[in-house]
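Chemist: Sequence first, predicted model second:
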Amino acid sequence: MAAPARGSCFADVDAARRAVALALPMIENAVRDRGICGAGFLHIVVMDPALTPDLSDFNSAVLYEHSIGDRQSWDADYAAYARAKTRTSWRLQRDSHLVHAQRPHALTDGESLLAGGVCLDGITVGVSGAEAAFDVAFATAVAANLRALAARALAQALKAGHTAASEGHSDGR
């Protein structure tokens, strides 16, 4: 299936980068706590909220990824785990831990059984590297930041008198 030429106008790659940056002080502090993040490594995947599974393939819908820690020192492929968690949440438009608890029948062959993917109002983010509850917390923080940045960009477009999203495209800053 072919992806649309454009994804979200208000939750674009710059807004995703900013959403992660806003959460990084909290995440980086937690990553140093070996009780939260045993290996000290973490990976984040943010999906384009306008590129849903019915409109796009997974790889085309990945908007932004960010790693913490030297990837050459990783003791596991945290990016692969994060992408797998994200794929489940993106495909089913639901937090991965909720899929496991409420919709295990919807899982397909090879899908992740690990928590860490969230879908907040259609904004899907996955994290891997920390304890499961913290992967969920970090993914939720990034998704909430992206939602806030998109809302601010929309407000700026409206204030500027735009009547269509493409007119008011903003990077969320």
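Modeler: Thanks, I have it. None of the values given here were measured: they were computed from a predicted structure.

Chemist: where along the chain do the helices fall?
Modeler: 13-31, 58-61, 78-92, 96-102, 132-159 (DSSP state H).

Chemist: chain center to the shortest one, what's the gap?
Modeler: The reference is to helix 58-61. What separates the centre of helix 58-61 from the centre of its chain is 12 Å, taken as C-alpha atoms, centre = their mean, to the nearest Å.

Chemist: With stretch 125-143 instead?
Modeler: The chain centre lies 9 Å from the centre of stretch 125-143; the measure is C-alpha atoms, centre = their mean.

Chemist: Which positions in it come out as buried?
Modeler: 125-131, 134-143 (16 or more other C-beta atoms under 10 Å). C-betas here are computed from N, CA, C, even on glycine.

Chemist: most packed of the helices of the chain?
Modeler: A comparison of the helices of the chain by mean neighbour count, using mean count of other C-beta atoms under 10 Å, puts helix 78-92 on top with a mean of 24.

Chemist: Show me what that helix is packed against.
Modeler: When contacts are defined as 3 or more C-beta pairs under 8 Å, 6 or more residues apart in numbering; DSSP states H and E, helix 78-92 packs onto strand 42-47, helix 58-61, strand 62-68, helix 96-102, strand 117-120, strand 123-128.
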